[in-house]
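# Sequence plus predicted model, see below.
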Amino acid sequence: MNQVLLFNNCGRGEVPRLIFAAAGQKYEDIHYEDDEWLLHKSEMPMLEVDSTKLPQSKVIARFLANSMNKMMLKEKNFLNSYPLLKQNRAEVEKQPKIADYLKNRSKTSI
């Protein structure tokens, strides 16, 4: 099972938790309390996937978002199980500047 190692707060560590929740994926949420902070400061936040450790909140978010995007590409009806996420995506895609970007962006595999 994937592990998210974080400090016990709702800062940048909240993004991986939200991505896991949106994808309906289970994970082990391991957090360190304030008195352990100095011992683990240089390692946090950390995502461990199949014994591979990914540090830094932006790297973690990018990895998880790419993984979720691949799921969405493989499973055409993926968002049907998540009506609020589907509605939010549709609302974001309606924004004129976002819609223009999506229409004109380069096609990639992810």
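It's in.
# Please count neighbours and contacts with C-alpha atoms only from this point.
OK.
# and E93, what is it in contact with?
Applying Cα atoms under 8 Å, 6 or more residues apart in numbering to E93 gives the contacts 99, 102.
# Am I right that it sits in a strand?
No. If the criterion is DSSP: H, G, I helix; E, B strand; the rest coil, then E93 is helix and not within a strand.
# Distance of it relative to Y27?
E93 sits 29 Å away from Y27 when distances are taken as Cα to Cα, to the nearest Å.
# same deal with S57?
Taken as Cα to Cα, the span from S57 to Y27 is 16 Å.
# So which of the two has more stuff around it?
S57 (20 against 17; other Cα atoms under 10 Å).
# ok, now which ones touch that one?
12-13, 15-16, 45-46.
# Can you give me every residue that contacts the residue nearest the centre of the chain?
Geometric centre of the chain, nearest residue: I19, 3.5 Å, by Cα atoms, centre = their mean. I19 is in contact with 61, 64-65, counting by Cα under 8 Å, 6+ apart.
# Is it possible to get CSV of those residues that adds neighbour count, pLDDT and distance to S81?
As requested, the contacts of I19 are exported to CSV (neighbours: other Cα atoms under 10 Å; pLDDT from 0 to 100; distance: Cα to Cα, whole Å):
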residue, neighbour count, pLDDT, distance to S81
A61, 20, 83, 22
L64, 18, 84, 19
A65, 17, 79, 17
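# which is the next helix or strand following the helix or strand bottoming out on mean pLDDT in the chain?
Ranked by mean pLDDT, DSSP states H and E, the weakest helix or strand in the chain is strand 3-7, scoring a mean of 70. Next along the chain after strand 3-7, taking DSSP states H and E as the criterion, comes helix 14-23.
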